[in-house]
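Novice: quick one, fold the following:
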Amino acid sequence: MSDTRGGALPPLVEPADELTKDEVARYSRHLIIPDVGVEGQKRLKNAKVLVIGAGGLGSPALLYLAAAGVGTLGTIDFDVVDESNLQRQIIHGQSDIGKPKSQSAKESIAEVNPFVNVVVHSEHLSNDNALDIFRDYDLILDGTDNFATRYLVNDAAVILGKPYVWGSIFRFEGQVSVFWEDAPDGRGLNYRDLYPEPPPPGMVPSCAEGGVLGVLCASIGSIMVNEAIKLITGIGEPLLGRLISYDALEMRYREVKIRKDPETPKITELIDYDSFCGVVSDEASAAAADATITPDELKAMFDAGKDFQLIDVREPHEYEIVKIEGAKLIPKDRILSGEALSELPQDKPIVLHCKSGARSAEALAALHQAGFSDATHLGGGVLAWANQVDPSLPTY
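Specialist: Model (predicted):
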């Protein structure tokens, strides 16, 4: 077991040489806090922080890091701004729709604090670039929403000896912690000490599938920035060895202690994270390999008047948002449990669909195993149908 003593850590960053007159005026409310002061603000000025994702958590994190006076901010995001982002990703605005998120974020940061140097990484974080990108930063904030990227961030940070602040959100709940394998005083641990293995594919819905209360991003993102400031300046007790869980509905914070797991393997190289996390299960991949139809093929089946049953495996609240005319709603879990098999027709072909194709592939594997050998599923789900066949339908 590691030493679980709390308390402040040594400051992560050396102070800059000076603050200009304009910087003193801008940061005056920090400077008059004794624990921060001129010395702490100089450390913030000298700090280089990378925020992974300019989305739900990245938006408040980037804005508050910039406002706090972090001298160099890196942002990595290969996505573009979509209208569905604006419910929570407050670094972007209506005029940014269609713009690369990293570029939109840089422009917003310049409005908040022109003294911040913003480094834009408009690319997908991968094994090929993670180490090179991380190397230039003192601290990393990880607000990504998938397990493959979380393990990649963790392992790259461990290899380089970098600390990072991790946050996660889903519906009304969020979590935050700090991981640093090389932390002083025997306090080191990493994400694999908390989650040695990823959950089975499809077990934990993404925010795109399950939703997230927009304002939750601000709550969790601000905690992440608070931790970053404490690490950079060496004040307070960081969340190293502690996980904070926040329930917005109950308005309750809970704390869980995290200890170094002696069984956690030493991380020496980056691995295939998509394979490790199984974006979809092997069974689903095999089932979908020869049983996936395109939106155009589904439309042709409708147009030809073919007798088949279209099954929507999403949740009822998703079905209310948008549906393909003629689809019958049977949520995926009822199919996987076997409960709904008796409701499926034996005398006609079955086509499954979900939002984007992952859940319907899992349900497809279960149907094939149950003897519905000619069942197929819609590649790309209802989103692909709306984009390619019926643009009048809303997307989410």
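
Novice: show me the helices in the stretch 201-350 of the chain, by range?
Specialist: For the stretch 201-350 of the chain, helices defined by DSSP state H, counting those that start in this stretch occupy the ranges 207-210, 214-233, 273-277, 282-289, 295-303, 316-321, 332-336.

Novice: which one of those helices lies closest to D374?
Specialist: The closest of the helices of the stretch 201-350 of the chain to D374 is helix 282-289. By Cβ to Cβ, the value is 12.0 Å. Using the backbone N, CA and C atoms, a C-beta is placed for each residue, glycine as well.

Novice: mind listing what's buried along that closest one?
Specialist: E283, A284, A287, A288 (16 or more other Cβ atoms under 10 Å).

Novice: okay, the helices of the stretch 201-350 of the chain in CSV with distance to P34 next?
Specialist: CSV is the format used below for the helices of the stretch 201-350 of the chain (distance: least, Cβ to Cβ, whole Å):
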stretch, distance to P34
helix 207-210, 39
helix 214-233, 12
helix 273-277, 44
helix 282-289, 57
helix 295-303, 62
helix 316-321, 50
helix 332-336, 54
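
Novice: which of the ones you listed has the lowest average pLDDT?
Specialist: Among the helices of the stretch 201-350 of the chain, helix 207-210 has the lowest mean pLDDT, at a mean of 70.

Novice: ok, back up a step: in CSV: the buried residues of helix 282-289, plus distance to G56.
Specialist: What follows is those, written out as CSV (distance: Cβ to Cβ, whole Å):
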residue, distance to G56
E283, 31
A284, 27
A287, 32
A288, 29
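
Novice: out of those, which comes closest to N117?
Specialist: Nearest to N117 among these, with distances taken as Cβ to Cβ, is A284, at 44.4 Å.

Novice: I'd guessed that closest one sits against A361; true?
Specialist: Yes: A284 is within contact range of A361, at 4.0 Å (criterion: Cβ atoms under 8 Å).

Novice: if we can go back for a sec, which one of the helices of the stretch 201-350 of the chain lies closest to T149?
Specialist: Using Cβ to Cβ, the helices of the stretch 201-350 of the chain put helix 273-277 closest to T149, at 7.3 Å.

Novice: output that closest one as CSV, nothing but the C-alphas.
Specialist: Extracted in CSV, the C-alpha atoms of helix 273-277 (Å, rounded to 0.1, in the frame of the first residue of the first chain):
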residue,chain,number,x,y,z
TYR,A,273,-6.7,1.1,-26.5
ASP,A,274,-9.7,0.4,-28.8
SER,A,275,-9.0,-3.3,-28.5
PHE,A,276,-8.3,-3.1,-24.8
CYS,A,277,-11.6,-1.3,-24.2
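
Novice: which is the succeeding secondary structure element to the helix or strand containing S108?
Specialist: Element membership for S108 (DSSP states H and E) is helix 101-112. Downstream of helix 101-112, the first helix or strand assigned by DSSP H and E is strand 117-121.

Novice: buried stuff in that next one?
Specialist: Buried residues in strand 117-121 (16+ other Cβ under 10 Å): V118, V119, V120, H121.

Novice: so what strands line up beside it?
Specialist: Note on strand 117-121: by DSSP bridges, its sheet partners are strand 72-76 (parallel).

Novice: got the CA positions of the strand it pairs with in PDB?
Specialist: Provided in PDB are the C-alpha atoms of strand 72-76 (Å, rounded to 0.1, in the frame of the first residue of the first chain):
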ATOM      1  CA  THR A  72       0.200  28.700 -21.800                       C
ATOM      2  CA  LEU A  73      -3.000  26.700 -22.600                       C
ATOM      3  CA  GLY A  74      -3.000  23.800 -25.000                       C
ATOM      4  CA  THR A  75      -6.300  22.500 -26.400                       C
ATOM      5  CA  ILE A  76      -6.700  19.300 -28.300                       C
END
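
Novice: roughly how far out does that strand sit from the chain middle?
Specialist: With Cα atoms, centre = their mean, to the nearest Å as the basis, strand 72-76 stands 17 Å off its chain's centre.

Novice: Y27: neighbour count?
Specialist: 23 (other Cβ atoms under 10 Å).

Novice: G211 now?
Specialist: Neighbours around G211, by other Cβ under 10 Å: 17.

Novice: follow-up on the earlier one: buried sites along the helix holding S108?
Specialist: K101, S102, Q103, S104, A105, K106, S108, I109.
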